[in-house]
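# Output the structure for:
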Amino acid sequence: MAKDPIRILVTGAAGNSFSLITLISYFLLIGQIGYALVPMIARGVMLGPDQPVILHMLDIEPAMEALNGVKMELIDAAFPLLKGVVATTDAVEACKDVDIAIMVGGFPRKEGMERKDVMSKNVSIYKAQASALEKHAAPNCKVLVVANPANTNALILKEFAPSIPEKNISCLTRLDHNRALGQISERLNVDVSYVKNVIIWGNHSSTQYPDVNHATVITGSGEKSVKELVADDQWLKTEFITTVQQRGAAIIKARKLSSALSAASAACDHIRDWVLGTPKGTWVSMGVYSDGSYGIPSGLIYSFPVTCEKGEWSIVKGLKIDEFSREKMDATANELIEEKSLAHSCVN
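Now for the predicted structure:
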């Protein structure tokens, strides 16, 4: 039997060509990530080749003409799984009955802006989004925050949408997770699908900790540890970590635009595994509400290794944490504590 369509909301961040609108706008769907993401969803990359979807796209009035252009393109692409498109500037209409919300929109940092100014803008955005989702989304709506500062934006959304279960709000660290997989794949010259169980701990920022202590590679003679195959602890503790941490900045320097294709792909990966489940014996990284695991203070949205089954994530327990890892994990937690404090100071 054909499945019922799943309603998916996408809000978008402005692209560089819309810098003027960016200054007055909180979301503009034709931003790089949103524009890359919506056709992936419509094609079944996110929820599978047999799951129909209805796309909800939210924007502001000055961008409505462009938003309609995106809607026309989606229709023209004739995606068999796409059963409807809602393109609107009305948050109530956009959030109505959505099962999944992907929050790409946020206020980007501009030259000369202080960190608190950026945080204040994003607190306002995510308070409003929280209210709309709480009142109008489907009861078990899953929310993925992509816009930076992603962890703290997700935390603000959680705090201002108390009826949405904390396990239904997450932030994107899968992009960093995928970057770590890619670096190991290139280093060892193996297919990236053979590398598994890297971990991104903490914040989606330059303090994140990419950890390969428990990662393995599938070889012809069974699984072997990444550390054993790389055989270079110095590289793993220095260049590997900084490359993953700084990858976004390197991409901006190279293409003069932020990561879009890889971020959209990672968002699809995140939702797909969350909804459909992770393969047995494999974990992924998700920014989720801390329950105190691994000594991370509760009350933070922090990236942990998780497994997913039947639409629920669970933190992987009992992994051995060495002294080097402990220091890195605590450093990124401390940054999140500072961000949380700054965000709360911006709440009116």
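# drop to CA atoms for contacts and neighbour counts, all remaining ones
Noted.
# what about the stretch 101-250 of the chain, any weak spots by pLDDT?
Residue ranges of the stretch 101-250 of the chain with pLDDT under 70: 108-115.
# can you give me the helices for it?
Secondary structure of the stretch 101-250 of the chain by DSSP state H, counting those that start in this stretch: the helices cover 115-136, 150-159, 174-188, 226-230, 233-237, 239-245, 247-255.
# Packed most tightly, which of the ones you listed would that be?
helix 150-159 (a mean of 26; mean count of other CA atoms under 10 Å).
# Include distance to Lys317 when you put the helices of the stretch 101-250 of the chain into a markdown table, please.
Formatted as a markdown table, the helices of the stretch 101-250 of the chain follow (distance: least, CA to CA, whole Å):
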| stretch | distance to Lys317 |
| --- | --- |
| helix 115-136 | 30 |
| helix 150-159 | 21 |
| helix 174-188 | 18 |
| helix 226-230 | 20 |
| helix 233-237 | 23 |
| helix 239-245 | 23 |
| helix 247-255 | 28 |
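# Quick one: closest of those to Leu261.
helix 174-188 (10.4 Å; CA to CA).
# how far off helix 247-255 does that closest one point, in degrees?
For helix 174-188 against helix 247-255, the angle by axes from the mean of the first three to the mean of the last three CA atoms, to 10 degrees is 80 degrees.
# Need the residues that contact helix 174-188.
Under the contact criterion CA atoms under 8 Å, 6 or more residues apart in numbering, helix 174-188 has outside partners 191-192, 195-196, 198-200, 204, 210, 226, 229-230, 240, 244-245, 247, 262-263, 266-267, 269-270, 284-286.
# Pull out the buried members of the residues you listed.
Buried residues within those, defined by neighbour count using 16 or more other CA atoms under 10 Å: 192, 195-196, 198-200, 204, 210, 226, 240, 244-245, 247, 262-263, 266-267, 269-270, 284-286.
# got a list of contacts for stretch 226-242?
Stretch 226-242 is contacted by residues 180, 183-184, 187-188, 209-217 when judged by CA under 8 Å, 6+ apart.
# redo that, cut-off 6 Å
The contact list for stretch 226-242 (CA atoms under 6 Å, 6 or more residues apart in numbering) reads Pro210, Ala215, Thr216.
# before we move on, what about stretch 95-111?
The list of residues contacting stretch 95-111 from outside it, by CA under 6 Å, 6+ apart, reads 7-13, 26-27, 118, 122, 133, 136-138, 141-147.
# returning to that earlier point: out of the helices of the stretch 101-250 of the chain, flag the one nearest Glu93.
Minimum separation from Glu93 across the helices of the stretch 101-250 of the chain (CA to CA) falls at helix 115-136, 8.3 Å.
# angle of the closest one against helix 150-159?
Relative orientation of helix 115-136 and helix 150-159, computed by the same axes, to 10 degrees: 40 degrees.
# Leu55: what secondary structure?
strand (DSSP: H, G, I helix; E, B strand; the rest coil).
# I'd guessed it sits against Val10; true?
No: between Leu55 and Val10 there is no contact under CA atoms under 6 Å: 7.5 Å.
# Give me the more crowded residue out of the two.
Between Leu55 and Val10, counting by other CA atoms under 10 Å, Leu55 is the more crowded of the two (27 against 24).
# ok, so what distance separates that one from Glu65?
The spacing between Leu55 and Glu65, counted by CA to CA, to the nearest Å, is 17 Å.
# Glu93 now?
17 Å.
# Likewise for Val10?
17 Å.
# before we move on, what about Asp176?
Computed as CA to CA, the Asp176 to Glu65 distance reads 34 Å.
# Check Val316 too.
From Val316 to Glu65 the distance is 46 Å (CA to CA).
# before we move on, back to that, in strands, which of the buried ones among the contacts of helix 174-188 fall?
Under the assignment DSSP state E, the buried ones among the contacts of helix 174-188 contribute Val195, Lys196, Ile199, Ile200, Pro210, Val284, Ser285, Met286 to strands.
# Who are the contact partners of the fifth one?
What it means is Pro210. Ile199, Ile200, Ile241.
# Make TSV out of those and add distance to Ala343.
Output for the contacts of Pro210, formatted as TSV (distance: CA to CA, whole Å):
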residue	distance to Ala343
Ile199	26
Ile200	23
Ile241	28
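# Find the helix or strand that Leu257 is a member of.
Under the criterion of DSSP states H and E, Leu257 resides outside all helices and strands.
# How about the contacts made by Ile54?
Ile54 makes contacts with Arg7, Leu82, Lys83, Gly84, Val85, as judged by CA under 6 Å, 6+ apart.
# Quick check: longest strand in this structure by residues?
Counting residues, the longest strand found in the chain (DSSP E) is strand 301-309.
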